[in-house]
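Asks: Below is the structure, and that's it, no one-letter string:
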C-alpha cells in the first residue's frame, strides 16, 4: 500500500471512529483475515477498544501484515479447537482479559460453540459479539438461546459489494489455477453449488465468460431465481456432478460429502469460497483415494478409474491471490466499528441485532467522500 493510500485509509477510519465513539472501551478479541490492507482496520479497532489480541484466520495471513500488527498488538494462533472446548476457551480468555468487560469480534462463528459457557463462567463481563459472515451468523442463530447480544453485519447491504467482488475473485483464482496446469474454463461445463450472494456472482461471471453454467441449490426460491436469470438448474446433485468439469462450492454448509466425490467427472476441478471444513467433507472421502500435489495449489485425488483435482486444499481459492475486493471491504469494516459502539451502549437484549439503516447510510456517505473522488 502506497504511503498516501495508507494515510487516506487511516483518515477514513479515524472519521468513522469519531462518528461511532463507544460509550466505554472494552477489551476486544479480533478474529480477522490478516490480509495486506488489514493493519489499518486493526488500528481502528485498537482506537475504539482495548484490543487484547488479534487471532488471524489460519489460511489468510499476509506475512507483512502480521509483522506490522505484531508491533502493536498481541497476535495469537487461532484454531477451531481453541473455542470448541469450554475450559480451553475460558483458560485463553482468562489469560488475556480476566475480570474485564470483553467484546468478541468474530469471522465465522468461532465463539459460538462455547458462548454460553464463556458468558456464565468468565470472571469478566461478556459485552457481546460482532459477527462478519453468513456462516457465522447461522452458527449463532442456531443456538437455542443466545446469552448476550450478537450484532451481525453478515446480511448488511454494505456487504453486498464485498460479496459480489469475492465471487469475481473466486472465478479469477480458479481460472488462474487451471491455467497454471494448462487447462482453461472454456469447454468445461460448470456447476455452482449454492446460489446465494457469492454463488450468484460466480455464476454470472462464468456465464459472461462464455462458460455453460448449471446451478444447484437446496433452496427452491433460489432455484427459481437462478432459472429466471438464464441458468440451467439441476434437479439433483448427483446428476449435476456427473456432468460438470468444474464445481464451485458456495454454500458454507458442506457442498460435497464423502459419497458425492465419486460422482465427479474424471478430471473435474473443485474449488470453494470458504474454509474446507465448511464446504467439503474430505474426511468422508473413501480411503481408496490417493492424494498427489500436481502443481501450485492443486491436489489430484485418484483411485482406480477415477480422479479429480482440488484447488488450494479445499480452502477458499481466492485467498491464493489475496482475495482483494479493493476499498469496498472498508464499508463492512466500518460497520463492524459501528457495531462495537452498539455493544458498549449496554441497551441491547440477548439475541441477534443489526446496525440501524441511518448508521449504514452515514458509513456509506463517509466512504464515498474518501473513495469516490
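Replies: Thanks, I have the structure now. Just so it is clear, the model here is predicted, and its values are computed rather than measured.

Asks: Next secondary structure after the lengthiest helix in the chain?
Replies: Ordering each helix of the chain by length in residues (DSSP state H) puts helix 160-180 first. Using DSSP states H and E, the helix or strand that follows helix 160-180 towards the C-terminus is strand 190-193.

Asks: Which strands or helices does that following strand pack on?
Replies: Packing partners of strand 190-193 (3 or more C-beta pairs under 8 Å, 6 or more residues apart in numbering; DSSP states H and E): helix 197-208, strand 213-216, helix 237-243, strand 246-249. (Glycine included, C-beta is placed from N, CA and C.)

Asks: Quick check: buried residues in that strand?
Replies: 190-193 (16 or more other C-beta atoms under 10 Å).

Asks: mind listing what the residue nearest to residue 146 when sequence neighbours are not counted touches?
Replies: In this structure, residue 146 finds its nearest non-sequential neighbour in residue 350, 4.9 Å apart by C-beta to C-beta, 6 or more residues apart in numbering. Residue 350 is in contact with 145-149, counting by C-beta atoms under 8 Å, 6 or more residues apart in numbering.

Asks: pLDDT score for the closest residue to residue 157 other than its chain neighbours?
Replies: Nearest-residue entry for residue 157: residue 360, 6.7 Å, with adjacent residues in sequence omitted and distances by C-beta to C-beta, 6+ apart. Residue 360 carries a pLDDT value of 98.

Asks: number of nearby residues for residue 360?
Replies: 19 (other C-beta atoms under 10 Å).

Asks: residues touching it, list them.
Replies: Applying C-beta under 8 Å, 6+ apart to residue 360 gives the contacts 156-158, 335, 338.

Asks: what separates residue 187 from residue 309, distance-wise?
Replies: From residue 187 across to residue 309, the span is 15 Å (C-beta to C-beta, to the nearest Å).

Asks: out of these two, which sits in the more crowded spot?
Replies: Counted by other C-beta under 10 Å, residue 187 and residue 309 do not tie: residue 309 has more neighbours, with 22 against 10.

Asks: show me the contacts for the spatially most central residue of the chain.
Replies: Closest residue to the average C-alpha location of the chain: residue 133 at 5.5 Å, with C-alpha atoms, centre = their mean. Listed by C-beta under 8 Å, 6+ apart, the contact partners of residue 133 are 107-109, 154, 252.

Asks: List just the nearest of those residues to residue 39.
Replies: When these are compared for distance to residue 39 (C-beta to C-beta), residue 107 wins out at 16.1 Å.

Asks: thinking again about what came up before, between the buried residues of strand 190-193, which is nearest residue 243?
Replies: residue 191 (7.6 Å).

Asks: Please give the number of neighbouring residues around the residue lying closest to residue 240 once chain neighbours are set aside.
Replies: Distances taken as C-beta to C-beta, 6+ apart put residue 234 closest to residue 240, at 3.5 Å, once the chain neighbours are dropped. Per other C-beta under 10 Å, the neighbour tally for residue 234 reads 21.

Asks: Break down this protein into its strands, ranges please.
Replies: Under the criterion DSSP state E, the chain contains strands at 27-34, 50-61, 101-106, 125-131, 149-152, 190-193, 213-216, 232-233, 246-249, 268-272, 290-295, 298-303, 306-311, 351-353.

Asks: and residue 82, which of these is closest to it?
Replies: strand 50-61 (7.9 Å).

Asks: by how many degrees do that closest one and strand 101-106 diverge?
Replies: Interaxial angle of strand 50-61 relative to strand 101-106 (axes from the mean of the first three to the mean of the last three C-alpha atoms, to 10 degrees): 20 degrees.

Asks: from what I can see residue 265 touches residue 240, true?
Replies: No. With contacts counted by C-beta atoms under 8 Å, residue 265 stays clear of residue 240, the gap being 10.5 Å.

Asks: Pull out the buried residues from the lowest-mean-pLDDT helix or strand in the chain.
Replies: Every helix and strand in the chain was compared by mean pLDDT, DSSP states H and E; the lowest is helix 276-279, with a mean of 86. Buried positions in helix 276-279, judged by neighbour count with 16+ other C-beta under 10 Å: 276, 278-279.

Asks: ok so, going back, I'd like to know which of the contacts of residue 133 are buried.
Replies: 107-109, 154, 252.

Asks: circling back: just the buried ones from the contacts of residue 350, in PyMOL syntax?
Replies: Filtering those down to the buried ones (16+ other C-beta under 10 Å) takes a single PyMOL command:
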select buried, resi 146+147+148+149
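
Asks: Residue 215: which of the contacts of residue 350 is nearest?
Replies: Out of the contacts of residue 350, the member with the shortest distance to residue 215 (by C-beta to C-beta) is residue 146, at 33.1 Å.

Asks: and the closest one, what are its phi and psi?
Replies: Dihedral angles of residue 146 (phi, psi; degrees, to the nearest 10) stand at phi -70, psi 130.

Asks: Check the gap between it and residue 341 for me.
Replies: From residue 146 to residue 341 the distance is 20 Å (C-beta to C-beta).
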